[in-house]
Every structure is written in C-alpha cells, then in structure tokens.
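**Student:** got a predicted structure here, sequence first:
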Amino acid sequence: MLRITAFAFAFGLSTAVFAAPTDPAPGGAYKTDPSHSSFNWSFNHSGLSHYTARFTRVDARLDWKPERPEASALSVTIDPLSVRTDYPWPEKVDFDREIGGEETFLADKPITFVSKSVHVTGEKTGTVEGLLTFRGETHPAKLDVTFNGSMAEHPMMGVPKIGFSATGSIKRSEWGLDFAIPELGDEVTFAIETQMVPADYAFE
C-alpha cells in the first residue's frame, strides 16, 4: 500500500508539473524539431485507396511574429531522397530511390517552399501562400495552418517551442509530374505536424 501511495503521489506531482500553465513562446527565429514533426502525402491510386508516403528530412525555418502572425515568414527545404514509401520488397526494388531520384518522379532536385503572404482566418487558423519548387519548376501553393499553441519553456527540453498542423494540396501535373494520370491521381494532398524550437538550438 505504501508503494502504491508513493507512486500515486509521484504521478500526481509529475502530472501537475507537466500540466502547469506556461507563458507563450517569444517571437524570433525557429526551426523544425525533427523528432516531433512529420510530412505525409497521398494521392488516389486506381480509385481503390489513397497511396501514402512521407518525407523524413524536412527543414522548416520560421520568423515568428506572435503579435502579428501575418508578418511571419516561412521557408521549407525538403530532401527528395528522404521519401519513405515502406515498399515491402526493398531487396527487389529500391522504390524510395526511384521516387526520389528518377526523372519521371522527383528527379533528385530540392523541394522548397517560400512564403509570400500569411492570412489570419480565425483565432488559431490561417493560410500561408507562397512558391513551391520541385522538379526545377516553381508555382504558387497554399497551406491551411492551425496554430496549436506555444510555451516559453518546454518542460522536457527547457526551451521555447511552438506547434502547428497544416494541410494542403497541389496538382502535380502543374509541376510536370504527369506520370500515369488518371490511373494515379493528379491531386496530391499533404498533412504536416510540427513542433519548432529556437533556430540556434543544438540537437544532441
């Protein structure tokens, strides 16, 4: 009984610490925390399912203006060779390499997004419009963003953190990626989850 009581007390104490209110993160330069971020994308496959994959090396940089979010600026760089499809027979086909490197697909060319304008649409929502470059072509694209919150000092990392969710879609044919349309859908949707830390934070 004593051991159970001690455990309950310790659990309650830790819960109180982690649930304690915190001041919001200050403005400034932030970058992706890769251990708490994801970039998933999908498209219609033969009308039967939505094929889904992800990028594992995504570097986002944000000039955060919490008092005037519309004045914030975002830039993102994605390594096309970091695509992960979870292809089940890698000993037969290096499918990730094909998607990331072959001319028919991403052509091993950097993928970048640079914001041009930010529009606040609600208390915690907004849109980010900018220029998306991949396969060497650049065209407008838009993100629908939800601001999940921030804290001046994360209880485990000890630094400010901010968090966002974002969704969007593009027509891949506009960037010259028209392989197997319409068998493989033209519209690619993506879902992003990210936590960000100060740009000068050193990950160990």
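**Tutor:** Sure, I can see it.

**Student:** could you look up the SS state of P182?
**Tutor:** Three-state assignment for P182 (DSSP: H, G, I helix; E, B strand; the rest coil): coil.

**Student:** roughly how far apart are it and A73?
**Tutor:** Distance, P182 to A73, by C-beta to C-beta, to the nearest Å: 37 Å. Placement of C-beta: from N, CA and C, glycine included.

**Student:** now do H119
**Tutor:** Distance, H119 to A73, by C-beta to C-beta: 13 Å.

**Student:** okay, these two: which has more neighbours?
**Tutor:** Shown here are H119 and A73; by other C-beta atoms under 10 Å, A73 has more neighbours (17 against 13).

**Student:** local confidence estimate at that one?
**Tutor:** In this model, A73 is scored at 98, pLDDT.

**Student:** kindly report the same for R3.
**Tutor:** R3 carries a pLDDT score of 49 in this model.

**Student:** now swap in F11 and tell me
**Tutor:** For F11, the predicted pLDDT is 41.

**Student:** repeat for D33
**Tutor:** Model confidence at D33, expressed as pLDDT, equals 98.

**Student:** the one 10 residues further on too?
**Tutor:** As summarised for this prediction, F43 has a pLDDT of 98.

**Student:** right, and it touches E187 too?
**Tutor:** Yes. Counting by C-beta atoms under 8 Å, E187 is a contact partner of F43 at 6.5 Å.

**Student:** okay, and the common contacts of these two?
**Tutor:** R172 (C-beta atoms under 8 Å, 6 or more residues apart in numbering).

**Student:** who's more crowded, these two?
**Tutor:** F43 (18 against 13).
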